[in-house]
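A.B. asks: Kindly return the folded structure for what I paste below:
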Amino acid sequence: MRILVTGAAGFLGSHLTDRLLAEGHAVLGMDNLITGSLDNIAHLEREPRFEFVDQDVSEYLDVPGEIDGVFHFASPASPVDYLELPIQTLKVGALGTHKVLGVAKAKNARLLLASTSEVYGDPHVHPQPESYWGNVNPIGPRGVYDEAKRFAEAMTMAYHRYHGLDTRIMRIFNTYGPRMRPNDGRVVSNFIVQALLGSPLTVYGDGSQSRSFCFVSDLIEGAWRLFRSGEHDPVNVGNPAEFTIRELADIVLEVTGSTSEIRHVPLPTDDPKVRQPDITRARALLGWEPSIELEEGLRATVAYFRTLQEDGRLAVPPVLTEAADEED
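C.D. replies: The predicted structure is shown next:
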């Protein structure tokens, strides 16, 4: 197949591109590099089955040649991004999704939308099944991401129902691993960078809020299985093992061997108290569940960040005041 990957230079998009190439497919990668980095795909420079286009999918989109599949992963996806790029976040979720759906329709291609657990907001149901409609503040600072993805899901289902487009919707829960941006505002990267630099680990609130953490290779496996399935309704893909933020901080200190202290700061606006996927559907429909334990995944992630540290590319991340402590 020849597959279009939007957001191909991002954290998840670059790992997805690697997986698709390993499966023997050709990939057209598209990214405007607003949060992605060419460093993430530099190893593909001489790969004949990979093409890269610097393109904002929210603008006019012309994709020459045949396309058999589309993975729409383009979007800012961290709290730092929400605050700095609110309009762009809304545009890529709305206009960008509309345009890639149009490409998929014109090419008769299957499309997988990378949605998010943020569609559940600060949930009143725990863990979160796909049937839960969520509790989202549409005008809060993180609403630009939450509502962009909720609109993207609605648009995707409209194309499926009205045009008969072959679509998939993957709701991604917190994912971590190599190629995360060191200052992206996500809790895993924040803690690792702070630990390696000997700075205090900033824990929002008392650290009792919970999250689940899925290693990137597990996430990409779930995406690939969902793409090849016949399921059109949303499917949660994430690790159901639940940890408090304080527990995560302790594990990061152990893995890095750091003596950094833990510093508590106020909770940002609309910070979810709990976040844990119900992956019953993923198990039943895809035969998928994560296999990488948190400590194993953190060791691989820390090794990546140590290479950045050796290159002098680590700096103490900012403390957020208007957005959540991490995102998928």
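A.B. asks: When you work out contacts or count neighbours from here on, use the C-alpha atoms and nothing else.
C.D. replies: OK.
A.B. asks: Name the single longest helix found in the protein.
C.D. replies: As assigned by DSSP state H, the longest helix anywhere in the chain is helix 143-163.
A.B. asks: which of the residues in stretch 134-147 are buried?
C.D. replies: Neighbour-count burial for stretch 134-147 flags 134, 136, 141, 142, 143, 144, 145, 146, 147 (criterion: 16 or more other C-alpha atoms under 10 Å).
A.B. asks: so how far does that stretch reach from one end to the other?
C.D. replies: One end of stretch 134-147 to the other measures 11 Å (C-alpha to C-alpha, to the nearest Å).
A.B. asks: Next: stretch 268-286.
C.D. replies: First-to-last residue span, stretch 268-286, C-alpha to C-alpha: 36 Å.
A.B. asks: Rounded mean pLDDT for that stretch, please.
C.D. replies: Mean pLDDT, stretch 268-286: 90.
A.B. asks: before we move on, back to that, tell me which two of the buried residues of stretch 134-147 sit farthest apart.
C.D. replies: By the measure C-alpha to C-alpha, 134 and 141 form the most distant pair in these, at 16.8 Å.
A.B. asks: shouldn't residue 70 be in contact with residue 108?
C.D. replies: No. Judged on C-alpha atoms under 8 Å, residue 70 makes no contact with residue 108 at a distance of 10.3 Å.
A.B. asks: Neighbour count: these two, which is higher?
C.D. replies: Higher neighbour count among residue 70 and residue 108: residue 70, with 25 against 16, using other C-alpha atoms under 10 Å.
A.B. asks: by contact count, what packs against the helix or strand harbouring that one?
C.D. replies: Using DSSP states H and E, residue 70 sits in strand 69-72. With contacts defined as 3 or more C-alpha pairs under 8 Å, 6 or more residues apart in numbering; DSSP states H and E, the packing partners of strand 69-72 are strand 2-6, helix 97-107, strand 110-116.
A.B. asks: what lines up beside that strand in the sheet?
C.D. replies: Neighbouring strands of strand 69-72 in its sheet, by DSSP bridges, are strand 2-6 (parallel), strand 110-116 (parallel).
A.B. asks: tilt between the first one and helix 97-107?
C.D. replies: Yep, that's strand 2-6 we're talking about. For strand 2-6 against helix 97-107, the angle by axes from the mean of the first three to the mean of the last three C-alpha atoms, to 10 degrees is 170 degrees.
A.B. asks: distance between strand 2-6 and the chain's centre?
C.D. replies: 17 Å (C-alpha atoms, centre = their mean, to the nearest Å).
A.B. asks: can you list contacts of that strand?
C.D. replies: Residues outside strand 2-6 that contact it (C-alpha atoms under 8 Å, 6 or more residues apart in numbering) are 13, 17, 25-31, 57, 66-74.
A.B. asks: Stretch 158-172 now?
C.D. replies: Here stretch 158-172 makes contact (C-alpha under 8 Å, 6+ apart) with 101, 104-105, 108-117, 153, 156-157, 219, 223, 226-227, 231-238, 328.
A.B. asks: gap between the two ends of it?
C.D. replies: 21 Å.
A.B. asks: Kindly provide the whole-number mean pLDDT of the longest helix of the chain.
C.D. replies: Computed over helix 143-163, the mean pLDDT rounds to 97.
A.B. asks: pLDDT of the helix or strand following that helix, averaged?
C.D. replies: Once helix 143-163 ends, the next helix or strand along the chain (criterion: DSSP H and E) is strand 167-172. Mean per-residue pLDDT for strand 167-172: 98.
A.B. asks: residues touching the nearest residue to residue 278 once chain neighbours are set aside, list them.
C.D. replies: In this structure, residue 278 finds its nearest non-sequential neighbour in residue 129, 5.0 Å apart by C-alpha to C-alpha, 6 or more residues apart in numbering. Counting by C-alpha under 8 Å, 6+ apart, residue 129 makes contact with 236, 277, 278, 279.
A.B. asks: Also residue 206?
C.D. replies: Neighbours of residue 206 in contact, by C-alpha under 8 Å, 6+ apart: 246, 264.
A.B. asks: Try it again at 10 Å.
C.D. replies: With contact taken as C-alpha atoms under 10 Å, 6 or more residues apart in numbering, residue 206 is in contact with 244, 245, 246, 263, 264, 265, 266, 267.
A.B. asks: Done for today, thanks.
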